[in-house]
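Asks: using only what follows, build the 3D model:
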Amino acid sequence: MKQAYRAASDSRERVVLLHGFAASSLVMWPMGCWLNGCGFDITNWRYGSLIQPIANHGERLGEYLRKLDASECRYSIVAHSMGSIITRSALMQGTFRGLNRVVMLAPPNRGLPFARLTPGFVQRFLKPLKELSDASDSYVNSLPRTSLQHSDGSAIGVIAAKYDEFVPIASTRLDGCEAHISLNATHNSLLISVTAAKLVESFLRHGRFE
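Replies: The predicted structure is shown next:
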């Protein structure tokens, strides 16, 4: 499936999309089409999610964001599931001048209970699973949990799914992040929810869910 996004414009804000674990950039296509239709330019960022450590992807994402900074581009990030943790990993690298806001969809900010229960040989093969565990010493629980704030509202917003089969609502929370909302959705149906898309657009524009 080709990505039929509107051509980029220097005057419009860019939105960088990140998919989650065991997925591809295609799952972000509906969200990208919606936001593109709302006037945003879209980058559907690709990465191989199964084998490499999260920190490696975070480093690559940080390099890409610095290129956007060098082009004096204003941008935001919309990330699903593990993509949110990659985003947090990238933001540890320093300050990104052009970054406006971040929306996390079903993010395992406090880890995944099922990942801790996964057999050891599976964790060794699928390294991100161990890193996403809710164990106190996992990679995800080593990241700073503090949110970011703008003068006109939160810089990070979280949308959780009430019927998420992988990430409990409690695991999505981020310390200091008041912009948190949950929808009647599952982990993956958030990506095709019109309500979720409208909330994402609202947060990117105003720093709050309306």
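Asks: so which residues of the protein form helices?
Replies: Using DSSP state H, the helices assigned to the chain run over residues 29-37, 54-70, 82-91, 113-117, 120-125, 127-131, 169-172, 194-206.
Asks: any idea which of those helices scores lowest on pLDDT?
Replies: Per-stretch mean pLDDT for those is lowest at helix 120-125 (a mean of 56).
Asks: skipping adjacent residues, who's closest to the residue nearest in space to the middle of the chain in space?
Replies: The residue lying closest to the centre of the chain (Cα atoms, centre = their mean) is Ala79, at 2.0 Å. Spatial nearest neighbour of Ala79, excluding adjacent residues (Cβ to Cβ, 6 or more residues apart in numbering): Leu18 at 4.0 Å. For the C-beta atoms, the positions are set from N, CA and C on the backbone; glycine is no exception.
Asks: now do the one you found against Leu50, distance only.
Replies: From Leu18 across to Leu50, the span is 15 Å (Cβ to Cβ, to the nearest Å).
Asks: those two: who's more crowded?
Replies: Per other Cβ atoms under 10 Å, whichever of Leu18 and Leu50 has more neighbours is Leu18, with 29 against 12.
Asks: who are the contact partners of the more buried one?
Replies: Taking Cβ atoms under 8 Å, 6 or more residues apart in numbering, we find Leu18 in contact with Met28, Trp45, Tyr47, Leu61, Ile77, Val78, Ala79, His80, Gly83, Ser84, Ile86, Thr87.
Asks: ok, now Leu183?
Replies: Contacts for Leu183 (Cβ under 8 Å, 6+ apart) come out as Ile159, Ala160, Ala161, Lys162, Leu190, Ser193, Thr195, Ala196, Leu199.
Asks: apart from its neighbours in sequence, what residue is nearest the last one?
Replies: Excluding the flanking residues, the one nearest Leu199 by Cβ to Cβ, 6+ apart is Phe209, at 4.8 Å.
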